[in-house]
Each structure stands twice: as structure tokens, then as C-alpha cells.
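Peer 1: take this sequence and fold it.
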Amino acid sequence: MTETQPWVVVAHLMRPQGRSGELIAEILTDFPERFSERRRLFLLSPDGKSSRPVELEEHWLHKGRIVLKFAGIDSISEAEPLRGFDVAIRRDQRAPLDEDSVYIEDLLGCHIIDIGPANTGDIGPITGVDREITSTPLLVVHPAGSKEELLIPFAKAYLKKVNIEGKRIEMALPEGLLTINSPREGKDDLEPSSYL
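Peer 2: Residues are numbered from 1 along each chain as shown. Presented below is the predicted three-dimensional model:
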């Protein structure tokens, strides 16, 4: 999503949930509690070509996801066509952040510049953020000319400068972090441990 796009996606509708038109959605915001303050949302079509306003009647958290009930959607058959739609708010309605915080969506497209001991320089652009593997978000980076992806911890200890407007994030990465999962030279297969 670029700054020119007016939407911020807060959830992704997965499928109907229940018999009264409810839909279960993947949460795509760090502020799910804000659903209680929001009545007017927008549905973005999967192809990104259309949007429509909806009124949120009810919501509740369910097994790490959120169930949403929209006004006028009162049955499974009315909810089914909304499968795959994104739920969005206008960009100017985003929750305010603390001074040292950034929106995850604003990180996408930023280049990681390593100024640490290895001084690798421009590692590549951030293409995603994984928040499920560890408690520290992992930046998914695809180095230029490589099919592999790197996972770089978005840790305050490594962070030196964030320039969202310039799409540049300077980090002092510890030596070896970028090659931790690289195959060892001369060893295609590791011998299995006798302790397993």
C-alpha cells in the first residue's frame, strides 16, 4: 500500500461464521480493540477495483481471529459472496502511535541498510512482516538477485534510524545474522545427531 492509497486494511474476510451473516476474519491490525469504536468500515474487493461502505453491528474475538457482523448481511448466503474481501478504514483514521512506533504497513517497501560490523549495505526491500514465529516481529526481506528470503528481527537493539518517507531503515546487524541459515561450505547434508 502506498501513501496515495486512501485505505488501511484492518482485516481479511475468510468465510461465513454462523447462520446470521457473521464472517470470520484474519486480524491485520495491532489495534483490534478499535473495532469497538468503529461503526463505518469499507469492504475492498479481492481484485482491488471496488469498495463499498458497511456498518459494523457487532464483533468479537474468536481463537485469534475476529468475527464481524455487518448491517444488512443476515444469512450465510448473503455473507458467502464477501469471502476474500478486505475490511479497511480510511488512512486518516489510523490509531495514533507512540513517538518511537511505526505502522507495519509503512515498513513494506523500505530497504534495510546494514551499518553493523559486517557493513553489508543495502540488503533489500521489506516484502512482509511475520509476527507469528517469535515475540519480536521478523522483517521479511528479499535481497536483489536472490530467490531466498531473509528474516531480520525488528529489534530495538539493532535499529539505528527509520526514514519511512525515504523508504530506508538503518540497522546495525550482528555479524553472521544474514548467513545463519546458509548451507555450510562442503557439507550438503548434516549428519544426524546420535542423541535423537
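Peer 1: flag the shaky bits of the chain, pLDDT-wise.
Peer 2: Scanning the chain for pLDDT under 70 picks out 1-5, 181-196.
Peer 1: mind checking the longest strand of it?
Peer 2: strand 51-62 (DSSP state E).
Peer 1: helices or strands next to that one in the packing?
Peer 2: In terms of contacts (3 or more C-beta pairs under 8 Å, 6 or more residues apart in numbering; DSSP states H and E), strand 51-62 is packed against strand 40-44, strand 65-70. From N, CA and C alone the C-beta is placed, and that goes for glycine too.
Peer 1: helices of this protein, start to end?
Peer 2: Remark: helices assigned in the chain by DSSP state H are 76-79, 104-107.
Peer 1: closest to L139 out of these?
Peer 2: Ranking the helices of the chain by proximity to L139 (C-beta to C-beta) places helix 104-107 first, at 6.8 Å.
Peer 1: packing partners for that closest one?
Peer 2: Packing partners of helix 104-107 (3+ C-beta pairs under 8 Å, 6+ apart): strand 121-130.
Peer 1: what strands flank the strand it packs on, and is each parallel or antiparallel?
Peer 2: Using DSSP bridges, the strands paired with strand 121-130 are strand 111-114 (antiparallel), strand 138-141 (antiparallel).
Peer 1: contact partners for the residue nearest to the spatial centre of the chain?
Peer 2: For the chain, the residue nearest the mean C-alpha position is V129 (5.0 Å; C-alpha atoms, centre = their mean). By C-beta atoms under 8 Å, 6 or more residues apart in numbering, V129 lies in contact with I104, L107, L108, P137, L138, L139, V140, F154.
Peer 1: please redo it, this time with the cut-off set to 10 Å
Peer 2: Contact analysis of V129 by C-beta atoms under 10 Å, 6 or more residues apart in numbering lists I104, E105, L107, L108, P137, L138, L139, V140, F154.
Peer 1: my guess is the first one meets P137, correct?
Peer 2: Yes. I104 lies in contact with P137 (C-beta atoms under 10 Å); the separation is 7.3 Å.
Peer 1: okay, and the common contacts of those two?
Peer 2: Residues touching both I104 and P137 (C-beta under 10 Å, 6+ apart): D30, V129, R131, F154.
Peer 1: could you chop the protein up by domain?
Peer 2: Per the record, the chain has its domains at 7-92, 104-179, by automatic domain parsing.
Peer 1: can you give me the end-to-end span of the longest one?
Peer 2: End-to-end distance for domain 7-92, by C-alpha to C-alpha, to the nearest Å: 9 Å.
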